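Novice: Need a 3D model of the sequence below.
(one chain, ligands or ions: 1)
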Amino acid sequence: MSRRSAMKKPNDKAKRLAVLRRRLKRKTKRKVIRPTRKAERAYIAGLRDIVTDLAKLVNRSLMPWLHQRYTPWEAPQADHPLSFTDDFTTRLNQLRESYAWYGQDAPLLLPDTSTTGAPPAPPAPPAHTARSSAGSDAPFGQQIRRLAEAKINVAAAEGTEAVRQQVNAAVGVDLGAVMRQEQLTDYVAAAVQENVSLIRTIPDRFFGDIERKVLDGYRSGRSLKRLAQDIQGVYSQSDFNAQRIARDQISKITSDVMIRRMKDAGVERFRWSTSADERVTGNPAGRYPNAKVKCWAIAHRDIGYGPGVYLLSEGAEVNGEKGVYPGRAHIADRCIAVALFPGIDYIPWDE
Ligand SMILES: [Zn+2]
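Specialist: Numbering: from 1, shown residues only. Down below sits the predicted model:
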């Protein structure tokens, strides 16, 4: 190579880079396209309904029973030949089994006992033989499968649509026709399965908490009035827990689908985009500056590609864990990935 060409080339390259940089500066204002998150609101509502049904069942069946039977523990108990604990456990297990079978219909199927004044017993599931042959086809199982399937499909479609719009806004190519929902069938099936078992933890935890509150109240001599407040607290806690599950799952599903769609579209880099509000973890001016996982820091960290930019093939390293993607950094993470394009958002390596 002659001295002349060796001198000329870097100058050309510098010019090309300067042009590219100017162009990049103008284009960085592109609006961040986020998933609509309608699925999240609908899923939250669906899981909260489960807690409402559980509370209805307890209010109509267990509370009147407690009103008749509950007296804080004091030895000896002459007026109750059977122990309160055993009777309560039997009653609670009836409620558990009834809900596990009938789900949302359990409170509706409670017998009308207004004339007798007896606390209505929860409807018993069908006899054991009928139950085992039906397997997971119990009404409750079907209800939660339908709920999870519907909302997860919408979440997957929202993730897909966000990436379609991101690509379209950046390079003007519409990938809508090649991003088919059938490509996600296996993914959606796995997510539905996982969500069905997660939803089952809502009644499990709910009845477990009710059991502990009542037995603890009994042992410690708490009044029925105080106990009723404790049970109210279980409703709130369970409601919070249901919302958290819904938020967390929709974040994860949206994240997985967006990352997969970007990989399929040949995207190599993404920018970690927070929801840019005071709830972003690690935001020094926000509500959780000392959170264990700091999305604010991840979105500002520069590992060599610019602030908050990571390789799609590797994800980010978060507290020693590799391969973490936005929406999966912590419970109910609201961050998303923004697809970046060579020549538009960054200068490719070979320049
Ligand atoms: Zn985040």
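Novice: Run through who's touching stretch 151-165.
Specialist: Residues from elsewhere that reach stretch 151-165, judged by CB atoms under 8 Å, 6 or more residues apart in numbering: 33-40, 42-43, 46, 174-176, 179, 181, 184, 187-188, 191-192, 195, 246, 249-250, 253-258, 261-262, 265, 336, 339. The C-beta positions use only the backbone N, C-alpha and C, and glycine is treated the same way.
Novice: which parts of the stretch 51-200 of the chain sit against the ion?
Specialist: Counting by CB under 5 Å from the ion, no position of the stretch 51-200 of the chain is adjacent to the ion.
Novice: what about the helices in the stretch 51-200 of the chain?
Specialist: With DSSP state H, counting those that start in this stretch as the criterion, the stretch 51-200 of the chain has helices at 63-69, 84-102, 128-134, 139-171, 185-220.
Novice: what pLDDT does the closest residue to the ion within the stretch 1-150 of the chain get?
Specialist: Residue of the stretch 1-150 of the chain nearest the ion, by CB to the ion: Arg34 (12.5 Å). Looking at Arg34, its pLDDT stands at 93.
Novice: Wasn't it part of a helix?
Specialist: No - read with DSSP: H, G, I helix; E, B strand; the rest coil, Arg34 is coil and lies in no helix.
Novice: Give me the nearest residue to it, chain neighbours excluded.
Specialist: Ile336 (5.5 Å; CB to CB, 6 or more residues apart in numbering).
Novice: Just the pLDDT for that neighbour.
Specialist: We have a pLDDT of 96 for Ile336.
Novice: Could you do Ala18 as well?
Specialist: Residue-level pLDDT assigned to Ala18 equals 79.
Novice: That one: neighbouring residues, count only.
Specialist: Ala18: 10 surrounding residues under other CB atoms under 10 Å.
Novice: Check the one 3 residues further on too.
Specialist: Residues within reach of Arg21, counting by other CB under 10 Å, total 11.
Novice: Contacts only, for the closest residue in space to Leu110 that isn't next to it in sequence.
Specialist: Distance criterion CB to CB, 6+ apart; nearest residue to Leu110, sequence neighbours excluded, is Pro120 at 4.4 Å. Pro120 makes contact with 60-61, 64, 110-113 under the criterion CB under 8 Å, 6+ apart.
Novice: thinking again about what came up before, same list (the helices of the stretch 51-200 of the chain) but as JSON lines, adding mean pLDDT and mean neighbour count.
Specialist: Listed next are these as JSON lines, based on pLDDT from 0 to 100; neighbours: other CB atoms under 10 Å:
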{"stretch": "helix 63-69", "mean pLDDT": "94", "mean neighbour count": "15"}
{"stretch": "helix 84-102", "mean pLDDT": "95", "mean neighbour count": "17"}
{"stretch": "helix 128-134", "mean pLDDT": "56", "mean neighbour count": "10"}
{"stretch": "helix 139-171", "mean pLDDT": "96", "mean neighbour count": "20"}
{"stretch": "helix 185-220", "mean pLDDT": "97", "mean neighbour count": "17"}
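Novice: Make CSV out of those helices and add distance to Ala316.
Specialist: Converted to CSV, the helices of the stretch 51-200 of the chain look like this (distance: least, CB to CB, whole Å):
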stretch, distance to Ala316
helix 63-69, 49
helix 84-102, 40
helix 128-134, 46
helix 139-171, 18
helix 185-220, 22
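Novice: Same list (the contacts of Pro120) but as a markdown table, adding distance to Ser223.
Specialist: Below are the contacts of Pro120 laid out as a markdown table (distance: CB to CB, whole Å):
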| residue | distance to Ser223 |
| --- | --- |
| Arg60 | 22 |
| Ser61 | 21 |
| Pro64 | 17 |
| Leu110 | 26 |
| Pro111 | 29 |
| Asp112 | 29 |
| Thr113 | 25 |
